[in-house]
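>>> Would you be able to build a 3D model of this:
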Amino acid sequence: MSNRQSLPNAGAIGQYLRAFNFFEKYVQGKWEGNLYLETHSRRFYETLRLIPDLKPEVRVLELGAVPYYLTILLRKYAGLDVDPLSFFEFETSERTTHRLENAETQELYDFDYAPLNVERDVFPSADDTYDLVLCCELLEHLLINPSHMLYEIHRVLKPGGYLLLTTPNVLRWGNVSSLLKGRNINDCYHGNGIYGRHNREYSPREVAQLLEGNGFSIDLIETRSVYGPELLNKIPLLGNRRDNIFALARSVDGPRAAFPHNLYSLMDEFRNVVRPSFRMGFNEVGQIGRGWHDFEPGDPGFRWTAKEAEFFLKNTEGSQQIRLRARSDHPKAPAGLVTIALEVNGRELTTERLKDHSWHDLTFALSPEDAEIILHCRIKVSQTWVPRLETKTGDSRELGIGVSEIWLE
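Residues are numbered from 1 along each chain as shown. Have a look, this model is predicted:
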């Protein structure tokens with residue numbers, strides 16, 4: 001962290017934050033705030049130590065900012081003005097303003113409370129807006145799709161912008177000890193709803209895999225003891241057995257959502273229709289259904305369909321047509337025998353034809369009957385083929401057409 005103001009130790013940070021009234025005002029009372037700070041003050045300290053040296057005028061986004069303690073510390077000790085975006089009780093809360101007061105220092109802060117589901121919603125910020133995004137103690141609460149959150153973080157970061165992510169380490173000594181004693185290491189069921197508990201904790205290697213797969217270059221990834229004895233931080237051999245994972249990474253290339261097979265399964269069953277367009281290999285998961293083969297990298301990257309394949313688009317702008325960038329490698333394509341029909345919400349549109357093996361932009365006109373916001377679409381290919389039968393390769397898949405991109409116009 002840039003040394004604009006000397007950083008106090010964890011005890012002093014906790015003492016300073018105790019005088020703020022968030023828990024008395026918005027949660028269950030001061031006792032809960034004191035317990036929270038007893039648990040997390042050293043984590044705040046370790047997080048602040050990793051803030052990169054940034055100019056005061058940079059833009060910073062903090063995900064899951066409630067109760068705004070880290071937000072306040074970033075202003076006070078790093079001179080950074082932070083935009084908070086909340087994940088706290090988003091299912092039941094509405095946008096409002098939270099006012100925090102410190103009776104001892106006479107400080108007063110008004111924070112915009114903007115709740116959203118970070119693993120399903122599009123962030124309310126333009127591309128390339130922020131120099132730094134903080135995602136602290138949030139990853140472990142997600143249920144289905146952390147890659148969506150990382151995609152959105154990358155999208156709103158400027159090229160080369162920083163992501164500082166912290167999350168509990170599933171390999172920590174406390175968990176190892178519990179397993180050895182025959183105790184369950186999973187979190188309790190939580191009265192605050194499905195996101196109140198730790199739904200999945202990660203190893204340092206898994207965090208690195210998620211970050212690198214989703215277009216980040218890792219500057220630092222390490223574990224720190226923030227709940228147990230500080231002595232554990234001074235013993236090198238303890239390595240990845242400390243309490244928490246701290247990762248500092250930068251956005252590189254463009255945003256993409258990666259879904260490693262050891263972390264995800266059956267994602268063709270997952271629906272998260274939030275975009276009017278998508279690219280295969282970048283942001284298609286949640287917007288495609290059944291009938292697609294695995295992503296194939298290239299220029300462009302694409303997926304093959306089977307004889308039929310589902311996809312979904314969100315049409316909030318009243319677009320008039322759906323476009324597909326597609327190709328056919330069918331041996332009969334040059335004879336004009338490969339046709340593509342598109343069904344939208346049960347109604348079949350006009351048919352397009354592919355007449356060679358190159359990429360083409362196919363256009364399907366919508367009508368007033370297709371006025372729904374969510375468009376459930378089905379590609380139907382007249383002719384499929386099996387490469388093993390035609391080219392004597394080992395590829396026994398039934399292939400329809402290759403699709404690299406789908407969008408509304």
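>>> Could I get the full set of strands for the stretch 251-400 of the chain?
Assigned by DSSP state E, counting those that start in this stretch, the strands in the stretch 251-400 of the chain fall at 277-279, 303-304, 308-314, 321-327, 338-344, 347-354, 360-365, 374-381.
>>> how far off strand 338-344 does the third one point, in degrees?
Orientation check (axes from the mean of the first three to the mean of the last three C-alpha atoms, to 10 degrees): strand 308-314 against strand 338-344 gives 40 degrees.
>>> Compute the inter-axis angle for strand 308-314 and strand 374-381.
Interaxial angle of strand 308-314 relative to strand 374-381 (the same axes, to 10 degrees): 150 degrees.
>>> got the contact list for strand 308-314?
Strand 308-314 is contacted from outside by 271, 273-277, 284, 287-292, 322, 373-381, 400, 403, 406, 408, using C-beta atoms under 8 Å, 6 or more residues apart in numbering. For glycine as for every other residue, the C-beta is placed from the backbone atoms N, C-alpha and C.
>>> From the residues you listed, keep the buried residues only.
For these, a neighbour count by 16 or more other C-beta atoms under 10 Å gives the buried set as 273-277, 284, 287-289, 291-292, 322, 375-381, 400, 403, 406, 408.
>>> from the chain's centre, how far out does the longest strand anywhere in the chain sit?
Taking DSSP state E as the criterion, the chain has its longest strand at strand 157-168. Distance, stretch centre to chain centre, for strand 157-168: 12 Å (C-alpha atoms, centre = their mean, to the nearest Å).
>>> tell me what that strand is packed against?
helix 30-49, strand 130-136, helix 204-213, strand 244-251 (3 or more C-beta pairs under 8 Å, 6 or more residues apart in numbering; DSSP states H and E).
>>> right, and the helix or strand after it?
helix 173-180 (DSSP states H and E).
>>> counting contacts, what elements does that following helix pack onto?
Packing contacts for helix 173-180, counted by 3+ C-beta pairs under 8 Å, 6+ apart, involve no helix or strand.
>>> Which element, helix or strand, includes the residue positioned nearest the centre of the chain?
The chain has M149 as the residue nearest its centroid, 1.5 Å off, counting by C-alpha atoms, centre = their mean. Using DSSP H and E, M149 falls within helix 146-156.
>>> In terms of secondary structure, what does that helix contact?
Packed against helix 146-156 by the contact rule (3+ C-beta pairs under 8 Å, 6+ apart) you find strand 60-63, strand 130-136, helix 204-213.
>>> Could you rerun that using 6 Å?
Packing contacts for helix 146-156, counted by 3 or more C-beta pairs under 6 Å, 6 or more residues apart in numbering; DSSP states H and E, involve no helix or strand.
>>> So which residues make contact with it?
Contact with helix 146-156 is made by 118-119, 123, 125, 127, 129-130, 133, 139, 163, 214-215, 251, 255, 257-259, 283, as judged by C-beta atoms under 6 Å, 6 or more residues apart in numbering.
>>> What residues sit buried inside that helix?
Buried residues in helix 146-156 (16+ other C-beta under 10 Å): 146-156.
>>> what is the rounded mean pLDDT of it?
Helix 146-156 shows a mean pLDDT of 97 in the predicted model.
>>> returning to that earlier point: can I get the buried part of the contacts of helix 146-156 as one PyMOL selection?
Buried residues within the contacts of helix 146-156, by 16+ other C-beta under 10 Å, are selected in PyMOL with:
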select buried, resi 118+119+123+125+129+130+133+139+163+214+215+251+255+257+258+259+283
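>>> just checking, L232 touches S225?
Yes. L232 is within contact range of S225, at 3.8 Å (criterion: C-beta atoms under 6 Å).
>>> who's more crowded, those two?
A direct count of neighbours by other C-beta atoms under 10 Å for L232 and S225 places S225 higher, at 22 against 18.
>>> who's in contact with that one?
By C-beta under 6 Å, 6+ apart, the neighbours of S225 are 232-233, 242-243.
>>> Could I get the contacting residues of N175?
I185.
>>> how far away is it from R197?
N175 is 15 Å from R197, where distance means C-beta to C-beta, to the nearest Å.
>>> so where does K25 fall, helix or strand?
In the assignment (DSSP H and E), K25 maps to helix 22-26.
>>> That helix - contacts with which helices or strands?
helix 30-49.
>>> let's see 10 Å
Here helix 22-26 touches helix 30-49, strand 96-102, strand 107-113, going by 3 or more C-beta pairs under 10 Å, 6 or more residues apart in numbering; DSSP states H and E.
>>> So the residue located most distally from the centre of the chain versus V207, what's the distance?
For the chain, the largest distance from the centre (C-alpha atoms, centre = their mean) belongs to A335, which lies 44.2 Å off. Distance, A335 to V207, by C-beta to C-beta: 51 Å.
>>> and if you look at C135?
For C135, the distance to V207 - C-beta to C-beta - is 11 Å.
>>> shared neighbours of these two, which are they?
Counting by C-beta atoms under 10 Å, 6 or more residues apart in numbering, the contacts common to C135 and V207 are 146, 165-167, 247.
>>> out of those residues, what pair is the most spread apart?
P146 and T166 (13.9 Å; C-beta to C-beta).
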